[in-house]
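Q: Fold the following.
(2 chains)
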Amino acid sequence: MKTNTSNPAKPTVKVVLVEDKPAVREIWCKLINSLPGFACVQTCASGEEALRLIPETNPDVVLMDIFLPRMSGIECTTRLKLQLPKLQILMLTAAEDDELVFMALEAGADGFLLKRTTPEDLRAAMVDVLGGGAPMTSEIARRVVESFRRSNKQKSTVRLTTREEEVLILLSKGYSNKEIASQLSIGTETVGSHLKHIYEKMHVRSRAEAVARYITSKA
Amino acid sequence: MFRYKQLLRHGARARHTWLALALWLGVGWGAMEAHAAPGETGANGNWMLEATNHLGQWIWDTNTFDKQTCRFWKPFEIPPKAVVKKAILHLTVDNGYVLFLDGNEIGRGSDWRSVTEYNISLLLKPGRHILAVEGFNDRLEAGLIFGLHIQFANREPMDVVSDDSWLVVPATVPKWMAKKQARPDWHGAIMEGPVHHHPWEIWPIGLTTGPALQPVVVHFWQTGWFQLALLSLLLLTLAACFRLWTQLAMQARSQKLLQAERIRIARDIHDDLGAQLTQLLLLCEVGQREQPKDSPAQIQFNQLCVLARELSCGMDEVVWTVNARRDTLRDFTSYVCKFATVFLDATPIRCRLDVAPDLPDAMFDLPLRRNLFLAVKEALNNAAKYSSATELFVRIARAGETLVVTVEDNGQGFDPDKLTGERNGMANMAHRMGEINGRCEVMSAPGAGCRAIFTVPLENLSTRGWFNWHRRPAATALEIS
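A: Next comes the predicted model:
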């Protein structure tokens, strides 16, 4: 594979893997280490272990299996994001389940990957989130638009800007980031950062809603 | 005898008994005519003659006591072939009576001072008839006086009157009024005297008449066998309903089991095979990386990777198809979009999606989504192979009670009339849509792209919602895809 050694001085990206199966964990670790500029510095077998170890390790990226015994990857993500808001978390799923992925994104995940993804795509996704962008599929984009329209009806305080909604709608119609950029006459990186903001808004909104639920249930 | 009853009560009493009679006969309420004399002494009118002309003697049981019930029984014969023109019956019992003809009650009276007239012309047919009177004495003297005058169209008139041929029936005989024959232990009544015999000198003071009594017509639906047949039919129907109901319940149960089983199979494939396949894929990837680039081993590892990835995709498709949790329109939509995107990613065709935002939250059963998905896949395949298009639209929208999926490309198109055998995918699509009551239209012309429109019925959402509310277990966060 082509090596990305454009900037040798760039420090190695620290990756932590959360995965319950030991054999799979080992292979993933090897795979990450084989990517130039990335190092798997820690592996965790459970969400509980991740919560204990990750704040100390302070990695750049966490690859989180969505199915974990006991504490799910989604719950673990929520908790990690509360402690380390800057941490980039990518969810790993065996099959694309929009509902689950959507829940993970609301919980604060910065993106998701299929487990059968190519190493190149894995690398690209990690570079993307680290660079302030965020990949999103058209399916998820459609769901995000829907969910924000629904929550707007319920007078949610977190709203999408017109531009963000435009980006999402184009994305849901199958346009690539590059095509969206040219359609809207903006840079490709801007499209990425729009998506990033959208993820953050989803996260903020879901937290706000959780707090609201908590308050109303207390009352 | 009780002489000083209140005269005022007469009307009401008569009405009451006649109402009962009228109801019993099913002839409706016939107004009674009461010929009451202007005063107690004015007992000499035509009505009086008519009323007393054909009467017999006052008769009673051998002994008389207060609160006595006495049953009189009298048979008579209408000669064969005789045609009854008119049959008028007059009757009084001091103090009251119930009158039966052939076992059926035809009247009651409790005011002995007036005569009651019954027109039974319609009730008499040739043959043996039984008159039965249950008389009641309140106190002191008691007596029954009776006269039945029958006029025939083809014979001399005939009279049946009260006399000592009437039999007194003991109180112990059940259903005595319907008995056709007398028993030896029944004894004759005794005659007390003629019409104006003491103490009935100034009798009668009135005449009560009514419309002719109608014979009871037993319609076929009133007959026992018919009602029995109806009842058994009802029971049969109920039994059939119950059977169907249990069958339905069992079917629902097996349907539920099937759903559960499909979910289980999907989970098993996903959890066991899927996880191992992913592991295999990762191993291949790692192995590939550990080999020198472009070495034979690396190339073979790469081939393995590609194969494993394809296998993994194929398995996902199977899992998606089998999983009952995916039996919704929403899942179908997102799956088709995803598939189209990934499928066209490997081609020069850009994939555009156009999903209507108002798609209903409907169930979308396995045969439906499987066949429709395969048809769409076929269309995508055709486009990738033959169209040379640069852009392809997958549109999913609702049109009334149908779902319309359109696959539209901007490629070179073709003449639908000159299809070669290679494109029998077209027949496949039509066949698949036929299986699910859908339609498939392919529109194309050379140079004008191609548009395949698939239309399938969306089942009635409200009833399905009611019927299938239990079918989709609530998805929890950690359940498999």
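Q: Can you tell me what sits against stretch A:180-190?
A: The contact list for stretch A:180-190 (Cβ atoms under 8 Å, 6 or more residues apart in numbering or on different chains) reads A:Gly131, A:Gly132, A:Gly133, A:Arg163, A:Glu166, A:Val167, A:Leu170, A:Leu171, A:Tyr175, A:Asn177, A:Lys178, A:Val191. In short, each C-beta sits where N, CA and C put it, glycine included.
Q: residues near the third one, how many?
A: One way to gauge burial is a neighbour count; for A:Gly133, by other Cβ atoms under 10 Å in any protein chain shown, it gives 22.
Q: Which residues are in contact with it?
A: By Cβ under 8 Å, 6+ apart, A:Gly133 lies in contact with A:Glu189, A:Val191, A:Gly192, A:Ser193, A:Leu195, A:Lys196.
Q: Provide the backbone phi and psi angles at it.
A: phi -100, psi -180 (degrees, to the nearest 10).
Q: Could you check how far it is from A:Val16?
A: 21 Å (Cβ to Cβ, to the nearest Å).
Q: tell me the domain ranges of chain A?
A: A:13-130, A:138-218 (automatic domain parsing).
Q: Out of those, the one nearest B:Arg243 is which?
A: The closest of the domains of chain A to B:Arg243 is domain A:13-130. By Cβ to Cβ, the value is 41.3 Å.
Q: Quick one: check the closest one for contact with chain B.
A: Yes - using Cβ under 8 Å from any Cβ of the partner chain, we find that domain A:13-130 touches chain B at A:21, A:23-24, A:27-28, A:30-31, A:34, A:67, A:72, A:74, A:93-100, A:103, A:115-116, A:118-119.
Q: Where strands are concerned, which of those residues count?
A: A:Thr93 (DSSP state E).
Q: Specify the local secondary structure of the nearest residue in space to B:Ala384 that is not next to it in sequence.
A: Nearest residue to B:Ala384, sequence neighbours excluded (Cβ to Cβ, 6 or more residues apart in numbering or on different chains): B:Thr347, at 4.9 Å. When classified by DSSP: H, G, I helix; E, B strand; the rest coil, B:Thr347 comes out as coil.
Q: burial count for B:Thr347?
A: B:Thr347: 15 neighbours (other Cβ under 10 Å).
Q: What's the first helix or strand after the longest helix along chain B?
A: Ranked by residue count under DSSP state H, the longest helix found in chain B is helix B:224-268. Sequence-wise, the next helix or strand downstream of helix B:224-268 (DSSP states H and E) is helix B:275-290.
Q: Residues touching that next one, excluding its own?
A: Contacts for helix B:275-290 (Cβ under 8 Å, 6+ apart): A:1, A:21, A:23-24, A:27-28, A:30-31, A:34, A:94, A:115-116, A:118-119, B:297-298, B:301-302, B:304-305, B:308-309, B:311-312, B:315.
Q: where does the residue in chain A that chain B sits nearest to land on pLDDT?
A: With Cβ to the nearest Cβ, the shortest gap between chain A and chain B falls at A:Asp97, namely 3.5 Å. In this model, A:Asp97 is scored at 75, pLDDT.
Q: Same question for A:Thr162.
A: Looking at A:Thr162, its pLDDT reads 84.
Q: same thing with the one 4 residues further on?
A: With respect to pLDDT, A:Glu166 scores 86.
Q: Now for it, how many residues are close by?
A: A:Glu166 - counted by other Cβ under 10 Å - has 16 other residues nearby.
Q: Can you show me the helices along chain A?
A: Remark: helices assigned in chain A by DSSP H are A:22-34, A:47-57, A:73-83, A:98-107, A:119-130, A:138-153, A:162-172, A:177-184, A:188-218.
Q: So what touches the fifth one?
A: So that's helix A:119-130. By Cβ under 8 Å, 6+ apart, helix A:119-130 touches A:1, A:4, A:13, A:15, A:31-32, A:34-35, A:38, A:60-61, A:88, A:90, A:110-111, A:113, A:117, A:134-135, A:192, B:285, B:289.
Q: from the chain's centre, how far out does it sit?
A: With Cα atoms, centre = their mean, to the nearest Å as the basis, helix A:119-130 stands 11 Å off its chain's centre.
Q: ok, now the fourth one?
A: Distance of helix A:98-107 from its chain centroid, counting by Cα atoms, centre = their mean, is 9 Å.
Q: packing partners for it?
A: helix A:73-83, strand A:88-93, strand A:111-114, helix A:138-153, helix A:188-218 (3 or more Cβ pairs under 8 Å, 6 or more residues apart in numbering or on different chains; DSSP states H and E).
Q: okay, the ones you listed, which one's buried deepest?
A: strand A:88-93 (a mean of 23; mean count of other Cβ atoms under 10 Å in any protein chain shown).
Q: what about B:Ile88, distance to B:Gln214?
A: Taking Cβ to Cβ, one finds B:Ile88 at 16 Å from B:Gln214.
Q: and B:His90, how many neighbours?
A: B:His90 is flanked by 24 other residues according to other Cβ under 10 Å.
Q: Closest one of the contacts of stretch A:180-190 to B:Ile130?
A: A:Leu171 (100.6 Å).
Q: Next up, the contacts around the closest one.
A: A:Leu171 sits next to A:Met136, A:Thr137, A:Ser138, A:Ala141, A:Asn177, A:Ile180, A:Leu195 when contact means Cβ under 8 Å, 6+ apart.
Q: same deal with A:Glu164?
A: A:His194, A:His197, A:Ile198, A:Lys201.
Q: same question, B:Pro157
A: Residues counted as contacts of B:Pro157 (Cβ under 8 Å, 6+ apart) are B:His149, B:Ile150, B:Gln151.
Q: where does the second one land on pLDDT?
A: The model reports B:Ile150 with a pLDDT of 93.
Q: so which strand or helix has it?
A: Following DSSP H and E, one finds B:Ile150 within strand B:143-152.
Q: buried sites along that strand?
A: B:Gly143, B:Leu144, B:Ile145, B:Phe146, B:Gly147, B:Leu148, B:His149, B:Ile150, B:Phe152 (16 or more other Cβ atoms under 10 Å in any protein chain shown).
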